[in-house]
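A.B. asks: sequence first, then the predicted structure:
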Amino acid sequence: MTDPTDRELVLRTRGGETEAYGEIVQRYQDSVFNVCLRMLGDRYQAEDLAQDSFIRAFERLGSFDVERPFGPWIRTVATNLCLNHLQRRRAIQVPLDDERDQPVSSQPEPERRLELQETVERTRRAIAEMPPHYRAVIELRHYQELSYAEISEALHLPLSDVKSHLYRARRKLAELLSSHA
Amino acid sequence: MPEHLSQDQIHALLDHELEPFELQALEAHLAACADCQGELAAAMSLFETIGGLPDERLAVDLAPGVLAAIQPAPHWLRSLAFGELLVALAVGIGLLLGVGGDTVSLRVTEAAQRIAPTLDAALQALVAAANNAVPDPTSFQIDLGMPAVWSLVIAAMVAWALSNGLVLRRVSRSDRA
């Protein structure tokens, strides 16, 4: 028996079968968590916001177009939720001081692995130090692979702002990466 | 040779956001310009660094917490809370009808009689409590300000809203931890 599609699960959830939503959560919780982790730079906050993202998505499930894929939609919901959270708090998190799962790496050599891990931590730290809107455009473009037009729609920003935010965000990120090197 | 490519153009190239005619012109320029090739290589390196972040594994299952937050309170709890709301409203109305003057003065038996037709159980409890408190309930009066009456009613309504998940329906993971 094949697994139900996202579309079927969404329709069942809309029909009142909330357990079906639990299956959706299990399918997308890792990717949503990673969106939140990249946006917030803090593991515990990321777990909280990932949970809130699913709750928010449930509340707005009526407006979701079931003919479109669920994954990009829920990840955009998570990005916006994190952006709102950051704008409210305006506190710059300094992450990576807590215990973390080991990043997945296919490099067997310890030195190479250590080098990669340092690069990963430097990148996370640099992203976490950027202003919220810069983080959001980086997240949507580089990790969710949205086009400029899709980012504009997701963040309710003019296309020209998306381009300038992206350019400035990358320049800022390059500066931060070289200062952390 | 035309002037060098802008950073916007280089980023748009890497983002696959150029129109075909723009792409053709940029590629022609890049083929002949070492400076712009260097800029492109630097931008590609940055893009690779950003894109090189590995996904981390979520240590917990979020589904139980999400389902707990989105599911309404059990039927029995809602019924109980709704019953509490009715009792509080009836008591409040009874108290209001049994008073006079600026200061609310409660005559227990009178108020109880007004509540009796609809809430017999509440009446019994009220009278029993009054009988225990004083030998002659008919002469017993309590000074009760209007805010106190409304506080009672509002508290019951808030309790009802809480138990129906309308307020504070989620608990953050970090708070639970």
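C.D. replies: Alright, I've got the coordinates. Numbering: from 1, shown residues only, chains lettered A, B, ... in the order given.
A.B. asks: residues touching the nearest residue in space to residue A:72 that is not next to it in sequence, list them.
C.D. replies: In space, and not counting its chain neighbours, residue A:72 is closest to residue A:144: 6.5 Å by CB to CB, 6 or more residues apart in numbering or on different chains. C-beta here means a position set from N, CA and C on the backbone, and glycine is covered the same way. Applying CB atoms under 8 Å, 6 or more residues apart in numbering or on different chains to residue A:144 gives the contacts A:35, A:72, A:75, A:76, A:79.
A.B. asks: what do you get if the cut-off is 10 Å, keeping everything else the same?
C.D. replies: By CB atoms under 10 Å, 6 or more residues apart in numbering or on different chains, the residues touching residue A:144 are A:31, A:35, A:71, A:72, A:75, A:76, A:78, A:79, A:150, A:151, A:154.
A.B. asks: looks to me like the second one is in a strand.
C.D. replies: No - residue assignment for residue A:35, taken from DSSP: H, G, I helix; E, B strand; the rest coil, gives helix, which places it outside any strand.
A.B. asks: name the nearest residue to it, sequence neighbours excluded.
C.D. replies: Per CB to CB, 6+ apart, closest to residue A:35 is residue A:78, 4.5 Å.
A.B. asks: return the helix or strand in chain A with minimum mean pLDDT.
C.D. replies: helix A:110-128 (a mean of 84; mean pLDDT, DSSP states H and E).
A.B. asks: contacts (any at all) between chain B and that one?
C.D. replies: Yes - Helix A:110-128 is in contact with chain B by CB under 10 Å from any CB of the partner chain, via A:116, A:117, A:119, A:120, A:121, A:122, A:123, A:124, A:126, A:127.
A.B. asks: whichever of the residues you listed end up buried, select them in PyMOL.
C.D. replies: Buried residues among these (16 or more other CB atoms under 10 Å in any protein chain shown), as a PyMOL selection:
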select buried, chain A and resi 116+117+119+120+121+122+123+124+126+127
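A.B. asks: and the helices in chain A?
C.D. replies: Ranges of helices in chain A, per DSSP state H, are A:6-14, A:18-40, A:43-59, A:70-89, A:110-128, A:132-138, A:148-155, A:159-180.
A.B. asks: then chain B?
C.D. replies: Counting by DSSP H, the helices of chain B are B:7-14, B:20-32, B:34-51, B:63-70, B:75-97, B:108-115, B:120-133, B:146-163, B:173-176.
A.B. asks: please put the alpha-carbon coordinates of the second one into PDB.
C.D. replies: It stands for helix B:20-32. Extracted C-alpha coordinates of helix B:20-32, given in PDB (Å, rounded to 0.1, in the frame of the first residue of the first chain):
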ATOM      1  CA  PRO B  20      18.600  34.900 -22.800                       C
ATOM      2  CA  PHE B  21      19.800  38.000 -24.600                       C
ATOM      3  CA  GLU B  22      21.500  39.300 -21.400                       C
ATOM      4  CA  LEU B  23      23.000  36.000 -20.700                       C
ATOM      5  CA  GLN B  24      24.500  35.900 -24.200                       C
ATOM      6  CA  ALA B  25      26.100  39.300 -23.800                       C
ATOM      7  CA  LEU B  26      27.500  38.500 -20.400                       C
ATOM      8  CA  GLU B  27      29.000  35.200 -21.500                       C
ATOM      9  CA  ALA B  28      30.700  37.000 -24.400                       C
ATOM     10  CA  HIS B  29      32.200  39.500 -22.100                       C
ATOM     11  CA  LEU B  30      33.300  36.900 -19.600                       C
ATOM     12  CA  ALA B  31      35.100  34.900 -22.200                       C
ATOM     13  CA  ALA B  32      37.300  37.900 -22.900                       C
END
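A.B. asks: not counting its own residues, what contacts that helix?
C.D. replies: So helix B:20-32 is contacted by B:1-5, B:9-10, B:12-13, B:16-19, B:36-37, B:39-40 (CB under 10 Å, 6+ apart).
A.B. asks: buried residues in it?
C.D. replies: Those would be B:26, B:29, B:30, for helix B:20-32 by 16+ other CB under 10 Å.
A.B. asks: was I right to think the residue nearest to residue A:35 contacts residue A:48?
C.D. replies: No - Residue A:78 sits out of contact with residue A:48 when judged by CB atoms under 10 Å, with a separation of 11.6 Å.
A.B. asks: before we move on, the earlier item: can you list the buried residues of helix B:20-32 in TSV and add pLDDT?
C.D. replies: As requested, the buried residues of helix B:20-32 are arranged in TSV below (pLDDT from 0 to 100):
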residue	pLDDT
B:26	92
B:29	93
B:30	92
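A.B. asks: rewinding a little: near chain A, which of the contacts of helix B:20-32 show up?
C.D. replies: Applying CB under 10 Å from any CB to those, those adjacent to chain A are B:10, B:12, B:16, B:17.
A.B. asks: farthest-separated two in those residues?
C.D. replies: B:10 and B:16 (12.5 Å; CB to CB).
A.B. asks: more neighbours: which of these two?
C.D. replies: residue B:10 (21 against 10; other CB atoms under 10 Å in any protein chain shown).
A.B. asks: how many residues are close by the closest residue to that one other than its chain neighbours?
C.D. replies: Among residues not flanking residue B:10 along the chain, residue B:43 sits closest, at 5.1 Å (CB to CB, 6+ apart). Residue B:43 has 17 neighbouring residues, counting by other CB under 10 Å.
A.B. asks: which ones are touching the residue nearest to the spatial centre of chain A?
C.D. replies: Nearest residue to the geometric centre of chain A (CA atoms, centre = their mean): residue A:35, 1.6 Å. Counting by CB under 10 Å, 6+ apart, residue A:35 makes contact with A:28, A:46, A:49-50, A:53, A:74-79, A:81-82, A:139-140, A:143-144, B:55.
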